[in-house]
Every structure is written in structure tokens, then in C-alpha cells.
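Trainee: let me see the structure of the following:
(one chain, ligands or ions: 2)
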Amino acid sequence: MITLHLHFPERTHALPILLAPGLLDRCGVALQEAGLEGPVALVSDTTVAAHYGARVRRSLEEAGFSVLEIHLPPGEGTKTLDMAAVLYRRLAQDGIGRDGLLIGLGGGVVLDLAGFVAATYMRGIAFVSIPTTLLAMVDASIGGKTGVDLPEGKNLVGAFYPPRLLLIDPIALHTLPAAEWRNGMAEVVKAALIGDPTLWQKLRGDPARWAAMPDMETLMDLLTRAIAVKIRIVEQDPLETQGEREVLNLGHTFGHAFERVSGYRVPHGEAVAAGMMAATALSARQGCLEEPRLFQDLEEVLQGLGLPTRWRAWLARYDIDTSPEDIIAAMDTDKKRRGGRLRFVLIHRPGVVRVHSDVPDEAVRQALEETAGL
Ligand code: ADP
Ligand code: ZN
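Mentor: Ligands and ions are numbered 1, 2, ... in the order given. From the prediction side, this is the model:
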């Protein structure tokens with residue numbers, strides 16, 4: 001068992017993050033040991049529940065918890081205020097009170113929604129997060145963000161509401177579809193470039209090795225390292241007010257623009273992969289990339305994972321034909337535009353990235369041309 005801690009300001013207790021193979025079958029005891037009690041509402045989607053619902057429920061019941069199970073439809077379409085209202089009402093109908101405990105079991109969608117409901121039901125009840133996708137394990141579940149989408153945009157309503165306990169069982173990744181593995185790996189690559197040169201060397205050393213889930217020891221190392229990077233950055237800027245957290249947006253200014261021009265039809269991880277290539281080209285163009293080889297290395301790592309590296313060729317697979325100008329226009333609405341200039345996270349070398357607010361649109365256009373492909 002590996003235990004990490006995430007410290008939030010003005011909270012006496014740090015958030016414990018437990019990582020261990022087989023943890024799903026021992027979650028009841030883990031909750032008990034963390035001093036958590038109360039009737040449990042276990043929120044999951046139907047796919048995850050079919051794989052892991054019964055095991056988690058059994059473990060909770062064996063530890064003496066009463067369990068109300070709630071299953072949502074899988075997919076991003078579930079992250080709505082309407083669905084939050086459905087959950088509030090189920091909790092109320094089942095008499096879950098302030099002493100209740102809400103557990104989210106699933107990927108980013110389930111955890112964002114369940115966390116938001118926990119933050120707001122009865123002005124806040126205890127929340128426990130059990131991520132089951134790679135993306136959620138290394139990224140979405142760490143950092144206290146919860147929320148839902150509106151028709152006007154993603155994650156427009158939400159709250160910072162860290163869970164009381166985070167349980168990560170890598171065995172759950174065995175059933176994860178290959179596409180979900182790849183998409184999560186895009187965020188692992190991002191974490192390596194932002195803050196773990198050793199992890200970057202491991203990824204670079206043998207790109208094809210990471211295309212599917214590795215052996216358990218390697219997987220535990222990968223998860224621990226990627227999570228540690230995220231913890232370090234979130235602790236510097238827990239409420240995203242000071243700017244340090246912005247480095248987590250490496251590849252995301254481009255990535256979000258790709259997602260937007262596609263009408264959110266492309267997976268987030270693919271968008272981030274193509275976005276990191278463009279960001280690396282931009283870093284070279286702006287003269288901050290100290291290792292010119294990085295561009296080629298990154299392309300090999302992403303290709304080894306089966307992730308896209310050239311945006312035009314990749315978007316064509318989704319029947320999307322767009323231009324650098326359209327992509328730059330899609331960035332304008334992004335919250336990263338402050339004071340009229342786009343802000344970019346640029347790479348200096350693996351482990352060293354910085355936010356730059358002085359990037360001219362023309363350099364962005366050229367970086368896009370350079371990484372278009374086709
Ligand atoms: P994320 O935002 O983390 O990618 P989602 O909540 O959208 O997550 O989950 C992606 C998809 O993967 C959903 O259809 C979900 O039901 C499914 N899923 C999540 N975890 C697992 C798992 N461990 N095994 C199989 N399918 C899973
Ligand atoms: Zn992301």
C-alpha cells in the first residue's frame with residue numbers, strides 16, 4: 001500500500017490518497033480506518049457498477065455500512081444539473097442526512113458529478129472518491145474540483161470540494177477499454193513533462209511498452225509518479241487563484257481549442273496529445289525549448305501510445321476540416337486569455353515548464369502550421 005497526502009489550506013487534515021492493488025475489496029475497512037461512518041450512497045455508472053459495484057458493496061457491508069446504490073447512465077451527457085437533481089432526490093427519498101457519506105465510483109464524469117452533489121446536498125456531506133479510469137486516477141480526482149456541464153459550456157457550475165479519502169485500485173484498470181487507457185496516458189505524459197523527468201525517461205525509453213497496461217509494479221510506479229506531480233502543483237495553488245496551477249494546462253490551450261472546433265466529438269486525451277505537440281513546436285519557436293530533440297521524442301512516445309500528433313490529419317478522421325485561424329479563434333473564448341493576450345504553458349525541458357503571456361498570435365499560427373500534418 002502506498003499512501004500519499006494532499007494538503008489543502010484551512011483544513012486540519014490532509015487528504016489521504018491510498019494506492020493498492022485489491023483496494024476495491026478492502027474499501028470498507030479503509031473507510032473505517034479513516035474514521036468515516038454513516039449510511040453510504042454509492043454512486044456509479046451502469047458500466048462500472050456491472051464490473052465493480054457488487055465487490056465494493058460487499059466490502060462496505062462487511063465493514064458495517066448500510067449501502068444505497070445509485071447507477072447513472074455512462075458518458076459525459078450525465079454531468080448535468082438535471083442529473084444532480086435526480087441524485088439529490090434519491091438521497092432525500094432514502095433519508096440520507098448530514099451524517100451520510102457519498103462515494104463516487106467511476107471515471108471523471110461520475111466523480112465530478114458525485115463530488116458536486118456531495119458538496120451541495122444539505123450544504124455538504126462527506127465525499128469519498130474511488131476513480132476507475134486512468135484519467136481520473138492521475139488527473140480528474142486529484143485537486144478537489146467538482147462540477148457539471150451546462151449547454152453553454154463544460155464545467156461551468158461547480159465547487160472546490162476535496163474528498164475525505166481517495167482510494168485507487170489499479171486492478172480496476174484491467175477492464176478499461178483500450179481507448180480510455182490511451183486517453184489517460186496523454187495526461188501521464190503531460191505530468192512527466194511538467195514535473196517528472198525520470199518518468200519522462202521511462203516513457204521515452206520504450207514508447208510501445210505503454211500502449212497497453214504494463215505489469216503491476218510498473219503501473220504502481222507510473223500512477224504514484226503522475227499523482228505526485230499533480231499533488232505538488234495543486235498544493236502550490238489549491239484554489240487556482242495564484243497561477244501555479246496553470247502549468248497543468250500544458251497542451252490544453254491548443255487541446256481545448258481542438259475540442260471546441262470539433263463540437264466536443266474528439267476525446268480529451270487525443271486533443272491534449274495533439275495539443276502538446278503544438279505547444280512543443282511553439283516552445284521551440286519562442287526560443288525556450290532547450291532540448292530540440294524533445295519534439296521528435298514526444299512524437300514517438302505519443303505514436304507508441306496510439307495517440308495523435310498532427311492535428312489536421314487527426315481531425316480529418318472525425319470529418320473535421322479546420323484552419324489554424326479557426327483554432328486560434330476558438331482559443332479566444334478560453335479563460336486563458338487575460339488582458340487580450342493568449343497565455344501558453346511552454347516547455348523549457350522535461351520537468352521545467354513555464355507560463356508565457358507574451359506569445360504573438362503569429363507564432364501560434366506558425367506552430368499550428370508546423371504540426372498540422374497532411
Ligand atoms: P473519464 O472522464 O475519466 O474518461 P468517464 O466517467 O467518462 O471517465 O468514463 C469513461 C468510460 O469508461 C465510461 O463509459 C465508463 O463507464 C467506463 N469505465 C470507467 N471505468 C471503467 C473500468 N474500470 N472498466 C471498464 N469501463 C470503465
Ligand atoms: Zn486534461
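Trainee: list the contacts for whichever residue of the stretch 201-350 of the chain sits closest to ligand 1?
Mentor: Each residue of the stretch 201-350 of the chain has a distance to ligand 1, by CB to the nearest ligand atom, and the smallest belongs to His268, at 7.2 Å. The way it works is simple: take the backbone N, C-alpha and C, and place the C-beta from them, glycine included. His268 makes contact with Leu135, Asn183, Ala186, Gly255, Glu259, according to CB atoms under 8 Å, 6 or more residues apart in numbering.
Trainee: rerun at 6 Å
Mentor: With contacts defined as CB atoms under 6 Å, 6 or more residues apart in numbering, His268 has no neighbours.
Trainee: what pLDDT does it get?
Mentor: Predicted confidence (pLDDT) at His268: the value is 95.
Trainee: cool, the one 4 residues further on as well?
Mentor: Model confidence at Val272, given as pLDDT, is 98.
Trainee: how about Ala178?
Mentor: Ala178 is assigned a predicted lDDT (pLDDT) of 96.
Trainee: got it, and the one 5 residues further on?
Mentor: At Asn183 the predicted local distance difference test score is 97.
Trainee: look at the closest residue to Gly255 other than its chain neighbours and say how many residues are nearby.
Mentor: Leaving aside its chain neighbours, Gly255 sits nearest to Gly275 (3.2 Å; criterion: CB to CB, 6 or more residues apart in numbering). Each residue near Gly275 was counted by other CB atoms under 10 Å, and the total is 27.
Trainee: who are the contact partners of Gly275?
Mentor: With contact taken as CB under 6 Å, 6+ apart, Gly275 is in contact with Gly251, Phe254, Gly255.
Trainee: quick check, distance from the helix or strand encompassing it to the centre of its chain.
Mentor: Taking DSSP states H and E as the criterion, the element that holds Gly275 is helix 268-285. Once both centres are worked out by CA atoms, centre = their mean, to the nearest Å, helix 268-285 turns out to sit 17 Å from its chain's centre.
Trainee: over to stretch 272-292?
Mentor: Counting by CA atoms, centre = their mean, stretch 272-292 comes out at 22 Å from the chain centroid.
Trainee: any residue of that stretch touching ligand 1?
Mentor: No - residues of stretch 272-292 contacting ligand 1 under CB under 6 Å from any ligand atom: none, with a closest distance of 11.9 Å.
Trainee: let's have the contacts of Gly275 in a markdown table, adding secondary structure and distance to Gly64.
Mentor: Shown next, in a markdown table, are these (DSSP: H, G, I helix; E, B strand; the rest coil; distance: CB to CB, whole Å):
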| residue | secondary structure | distance to Gly64 |
| --- | --- | --- |
| Gly251 | coil | 45 |
| Phe254 | helix | 50 |
| Gly255 | helix | 45 |
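Trainee: which among these end up buried?
Mentor: By neighbour count, with 16 or more other CB atoms under 10 Å, the contacts of Gly275 hold Gly251, Phe254, Gly255 as buried.
Trainee: got these as TSV, with pLDDT and distance to Leu68 columns?
Mentor: Formatted as TSV, the entries for the buried ones among the contacts of Gly275 read as follows, by pLDDT from 0 to 100; distance: CB to CB, whole Å:
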residue	pLDDT	distance to Leu68
Gly251	97	40
Phe254	97	42
Gly255	97	37
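Trainee: for the helix or strand hosting Gly147, buried residues please.
Mentor: Gly147 is part of strand 145-150, with elements assigned from DSSP H and E. Within strand 145-150, the residues that qualify as buried by neighbour count (16+ other CB under 10 Å) are Lys145, Thr146, Gly147, Val148, Asp149.
Trainee: again, but for stretch 181-197
Mentor: Of the residues in stretch 181-197, those buried under the neighbour-count criterion (16+ other CB under 10 Å) are 181-196.
Trainee: quick one: contacts of it?
Mentor: Surrounding stretch 181-197, the residues in contact under the criterion CB under 6 Å, 6+ apart are 134-135, 138-139, 199-200, 203, 225-226, 229, 247, 250-251, 267, 269, 272-273, 305-307, 350-351, 353.
Trainee: in helices only, show me the residues you listed.
Mentor: Counted as lying in helices by DSSP state H, out of those, are Leu134, Leu135, Leu199, Trp200, Leu203, Arg225, Ala226, Val229, Gly269, Val272, Ala273, Leu305.
Trainee: so how far is Leu219 from the closest residue to the last one other than its chain neighbours?
Mentor: With sequence-adjacent residues excluded and distances taken as CB to CB, 6+ apart, Leu305 is closest to Met185, at 5.0 Å. From Met185 across to Leu219, the span is 11 Å (CB to CB, to the nearest Å).
Trainee: neighbours of Thr371, just the number please.
Mentor: If you count neighbours by other CB under 10 Å, Thr371 ends up with 25.
Trainee: do the same with Glu362
Mentor: Glu362 has 10 neighbours, counted by other CB under 10 Å.
Trainee: need the contact partners of the strand or helix carrying it.
Mentor: Following DSSP H and E, the helix or strand that holds Glu362 is helix 361-370. Applying CB under 6 Å, 6+ apart, the contact partners of helix 361-370 are Ala278, Ala281, Leu282, Arg285, Pro324, Ile327, Ile328.
Trainee: one more pass at 10 Å, please.
Mentor: Here helix 361-370 makes contact (CB atoms under 10 Å, 6 or more residues apart in numbering) with 253-254, 257, 277-286, 295, 310-312, 322-328, 331-332, 341-342, 344, 359-360.
Trainee: put the buried members of those residues into a PyMOL selection.
Mentor: Here is the PyMOL command that picks out the buried ones among the contacts of helix 361-370, judged by 16+ other CB under 10 Å:
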select buried, resi 253+254+257+277+278+279+280+281+282+283+284+285+286+295+310+311+312+322+324+327+328+331+342+344+359
